[in-house]
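> Next come a sequence and a model predicted from it.
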Amino acid sequence: MLVLRKIKRFTVLFAMGCLFLLPSCREVKRESVHDETQLQPIPLQHATHFRVEEAPFGYVATIFAGKTEQDVSFKYALVRDDSDNLPDDAQKIKIPITRVGTNSGTLFGFLGLLGEMEKIVATCDAKYIFSDEIRDKVQSGEIISLGSSFEMNGEHILIAHPDVLFLSDLRDNPHSNACPIVHNFEWKETSALARTEWIKFFSLFFDKYTLADSIFQSIERRYTALKQLTDTISNRPTVISAGNYGETWYMTGGEGFMSKMYEDAGGDYLLADTMVPTVTCGTEWLLAQYADADYWMNCGTTRLEELDPRLHQMKSYKSGNIYHFQKRERRVENMNISDFYESAVAQPDVVLEDLISVLHPALLPHHETIYLGRCGDNEERR
């Protein structure tokens, strides 16, 4: 009997001890889930609207809608294998992804460099697409058209069943349950190289960061070498950049990424000091302020006869120095579809080379422009 009592007493004490240990066991497990010391930041050279951290399971990518990390942000845990050790506030996405949806054609340029164009299964605004590869696949049904980027077709999203749908805005998406939504804000960056560095962000979803880093470094080196050609130039022609919609002119402001490119190309950009991405004005104000500009870029048309006759007073008009970014374009249903808005974002070195060859032709006498054309020239366009 004494032995039985001792066994019972030991059993009770053991059970009570286990009860006391359970909370601490749970606490240890919870701390491991939030172990931030396992995240190793990957440095970025130019981009400010996203952050990347390497983790044992893959990557943690955080993007920022504003200029600081206190603004609206989204966090994604990109996971190679099943893991419980993930940040609580991150959306889990299995990588590499094999099916991509997008509402913006600028993604095509990045995926082309990464060799992942064949992964696109859904896209928006098909009639505005320049890429032959994408247009052909939309027409054949291999790529599903999601309709307008402002009003995507939910049924078509379900049919396409992308692993990820990339959205380039902050609007609430009524189809967010159909597939993981990934917001991207490369268009918010204020320099061309910062925008191009987003190739690193997109590469994470295909687990190709090393390739993306190599591609970006090559583009950055070439861009820097081209910029150095103009660093010591004292004769810097004045430049404006303006396109219109009706009577309203939209001019690149000092925070627009093209503003810095005009400066890097050896130009004196007249709106460089404005602290906004875009400046709007009327025709009379444009004439009053910028009639003496040496060069007029991004005029929005390839034909001089389409310009308001009042603008014939512009110095750039009289000298024939009005340019557009529509040299690579196609005509579809009375619309000009330009490749500049698809592939150029991933190739700022090519755009810079175009600009230098126009503003300072002696520096690049043999360069034939890719994107930049002179307004009024009878160029062969697609």
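Happy to help now that I have it. As the structure is a computational prediction, the values presented were derived from the model and not from experiment.

> Going by C-alpha atoms from here, please, whenever you check contacts or count neighbours.
Fine.

> Show me the strands in the stretch 1-150 of the chain, by range?
Here the stretch 1-150 of the chain has its strands, by DSSP state E, counting those that start in this stretch, at 40-42, 50-55, 58-64, 73-79, 91-94, 100-102, 120-123, 144-145, 147-148.

> Go through those and pick out the most buried.
strand 120-123 (a mean of 26; mean count of other CA atoms under 10 Å).

> Remind me what that strand packs against, helices and strands.
In this structure, strand 120-123 makes packing contacts with strand 100-102, strand 144-145, helix 154-160, judged by 3 or more CA pairs under 8 Å, 6 or more residues apart in numbering; DSSP states H and E.

> quick revisit: out of the strands of the stretch 1-150 of the chain, the one nearest residue 163 is which?
strand 100-102 (6.1 Å; CA to CA).

> who's in contact with the closest one?
Here strand 100-102 makes contact (CA atoms under 8 Å, 6 or more residues apart in numbering) with 119, 120, 121, 122, 123, 124, 162, 163, 164, 165, 166, 167.

> same thing with stretch 189-201?
44-50, 52, 61, 110, 186-188, 209, 212-213, 216, 220, 255-258, 260-261, 277, 345-348.

> Reformat the strands of the stretch 1-150 of the chain as a markdown table; add mean pLDDT.
Formatted as a markdown table, the strands of the stretch 1-150 of the chain follow (pLDDT from 0 to 100):
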| stretch | mean pLDDT |
| --- | --- |
| strand 40-42 | 94 |
| strand 50-55 | 95 |
| strand 58-64 | 94 |
| strand 73-79 | 93 |
| strand 91-94 | 94 |
| strand 100-102 | 96 |
| strand 120-123 | 97 |
| strand 144-145 | 96 |
| strand 147-148 | 91 |
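
> a markdown table for those strands, including distance to residue 135?
Listed next are the strands of the stretch 1-150 of the chain as a markdown table, based on distance: least, CA to CA, whole Å:
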| stretch | distance to residue 135 |
| --- | --- |
| strand 40-42 | 36 |
| strand 50-55 | 30 |
| strand 58-64 | 30 |
| strand 73-79 | 30 |
| strand 91-94 | 28 |
| strand 100-102 | 14 |
| strand 120-123 | 10 |
| strand 144-145 | 10 |
| strand 147-148 | 14 |
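
> Quick one: closest of those to residue 178.
That would be, of the strands of the stretch 1-150 of the chain and by CA to CA, strand 100-102, which comes in at 11.6 Å.

> now the closest residue to residue 126 other than its chain neighbours, which residues is it bridged with?
Of all residues not flanking residue 126 in the chain, residue 145 sits nearest, at 6.4 Å (CA to CA, 6 or more residues apart in numbering). The partner list for residue 145 in beta bridges (DSSP bridges) reads residue 123.

> From residue 188, how far off is residue 145?
Here the criterion is CA to CA, to the nearest Å. By it, residue 145 lies 26 Å from residue 188.

> now residue 350
In terms of CA to CA, residue 350 sits 21 Å off from residue 188.

> ditto for residue 92
25 Å.

> My read is that residue 149 contacts residue 126, right?
No. In this structure residue 149 lies outside contact range of residue 126 using CA atoms under 8 Å: 9.8 Å.

> Compare those two (neighbour count), which wins?
residue 126 (21 against 17; other CA atoms under 10 Å).

> Below-threshold pLDDT in the stretch 51-200 of the chain: ranges please.
For the stretch 51-200 of the chain, the stretches flagged by pLDDT under 70 are 67-72, 170-176.

> Relative to residue 122, how far out is the closest residue to residue 61 other than its chain neighbours?
Leaving aside its chain neighbours, residue 61 sits nearest to residue 52 (4.6 Å; criterion: CA to CA, 6+ apart). Counting by CA to CA, the separation of residue 52 from residue 122 is 26 Å.

> swap in residue 38?
Distance from residue 38 to residue 122, by CA to CA: 35 Å.

> With residue 228 instead?
For residue 228 relative to residue 122 (CA to CA), the value is 41 Å.

> still on that earlier bit, please spell out the PyMOL selection for the buried subset of the contacts of stretch 189-201.
Command for PyMOL that selects the buried part of the contacts of stretch 189-201, burial taken from 16 or more other CA atoms under 10 Å:
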select buried, resi 46+47+48+49+50+52+61+110+186+187+188+209+212+213+216+220+255+256+257+258+260+261+277+345+346+347+348
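
> Which of the contacts of stretch 189-201 fall within helices?
110, 209, 212, 213, 216, 220, 257, 258, 260, 261, 348 (DSSP state H).

> What sits closest to the fifth one if chain neighbours are left out?
Closest residue in space to residue 216, ignoring its immediate chain neighbours: residue 197 at 6.4 Å, by CA to CA, 6+ apart.

> What is the burial count for that neighbour?
With other CA under 10 Å as criterion, residue 197 counts 28.
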